[in-house]
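# The sequence isn't on hand, but the structure is:
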């Protein structure tokens with residue numbers, strides 16, 4: 001019986017793998033792990049604040065005192081009513097998708113490149129404008 005093309009292909013692949021495999025007594029490759037020496041989270045300066053610079057029906061503009069870090073702050077996480085809402089790469093942003101005429105608590109966290117986080121940064125409270133702008137539908141209620 002002649003081998004079928006599929007059986008022949010499997011045999012060739014198996015022979016190739018066995019020929020290329022390291023011998024049983026070959027040392028295993030060393031595992032390499034990269035561990036960051038940065039274990040220090042960013043810090044907020046005393047008196048850090050968050051300030052609303054614009055309030056709309058479904059969005060607010062927010063700026064805050066920048067955090068500092070021994071290596072550098074990579075990003076800021078913005079929370080609305082203690083739920084993650086957005087990420088910013090500098091000390092200001094516009095938070096969109098808010099419901100009109102509602103009160104919200106806004107909070108900022110700072111994070112460095114390796115994920116060390118300064119929690120409970122500056123906060124602000126806002127009530128969005130109750131009127132929708134022309135051509136803008138209201139955000140769904142929560």
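Noted; the coordinates are in hand. Keep in mind that what you see is a predicted model, and the values were worked out from it rather than measured.
# Walking through this structure, point out its helices one by one.
5-20 (DSSP state H).
# lowest-pLDDT helix or strand in it?
When the helices and strands of the chain are compared on mean pLDDT, DSSP states H and E, helix 5-20 comes out lowest with a mean of 54.
# what's the longest strand along the chain packed up against?
Ranked by residue count under DSSP state E, the longest strand found in the chain is strand 103-112. If contacts are counted by 3 or more Cβ pairs under 8 Å, 6 or more residues apart in numbering; DSSP states H and E, strand 103-112 sits against strand 50-55, strand 59-64, strand 73-80, strand 117-118, strand 123-127. C-betas here are computed from N, CA, C, even on glycine.
# Just checking: what are the partner strands of the fourth one?
Taking DSSP bridges as the criterion, strand 117-118 forms sheet pairs with strand 103-112 (antiparallel).
# For stretch 62-69, buried residues please.
62-67, 69 (16 or more other Cβ atoms under 10 Å).
# hmm, back to that, out of the helices and strands packed on strand 103-112, nearest to residue 7?
strand 73-80 (54.6 Å; Cβ to Cβ).
# now, of the helices and strands packed on strand 103-112, which is deepest in the fold?
Mean neighbour count (mean count of other Cβ atoms under 10 Å) peaks for strand 59-64 among those, with a mean of 21.
# what pLDDT, on average, does that strand get?
For strand 59-64, the mean per-residue pLDDT is 96.
# could you say what helices and strands it packs with?
Short answer (3+ Cβ pairs under 8 Å, 6+ apart): strand 59-64 packs on strand 50-55, strand 92-96, strand 103-112.
# Pairing partners for the first one, with directions?
Think strand 50-55. For strand 50-55, using DSSP bridges, the partner strands are strand 59-64 (antiparallel).
# pLDDT weak spots in this structure?
Low-confidence segments of the chain (pLDDT under 70): 1-6, 8-36, 132-142.
# Touching, residue 104 and residue 98? I think so.
Yes: between residue 104 and residue 98 there is a contact under Cβ atoms under 8 Å: 6.3 Å.
# list the residues that contact both of the two?
Applying Cβ atoms under 8 Å, 6 or more residues apart in numbering, one finds that residue 104 and residue 98 are jointly contacted by 60, 80, 128.
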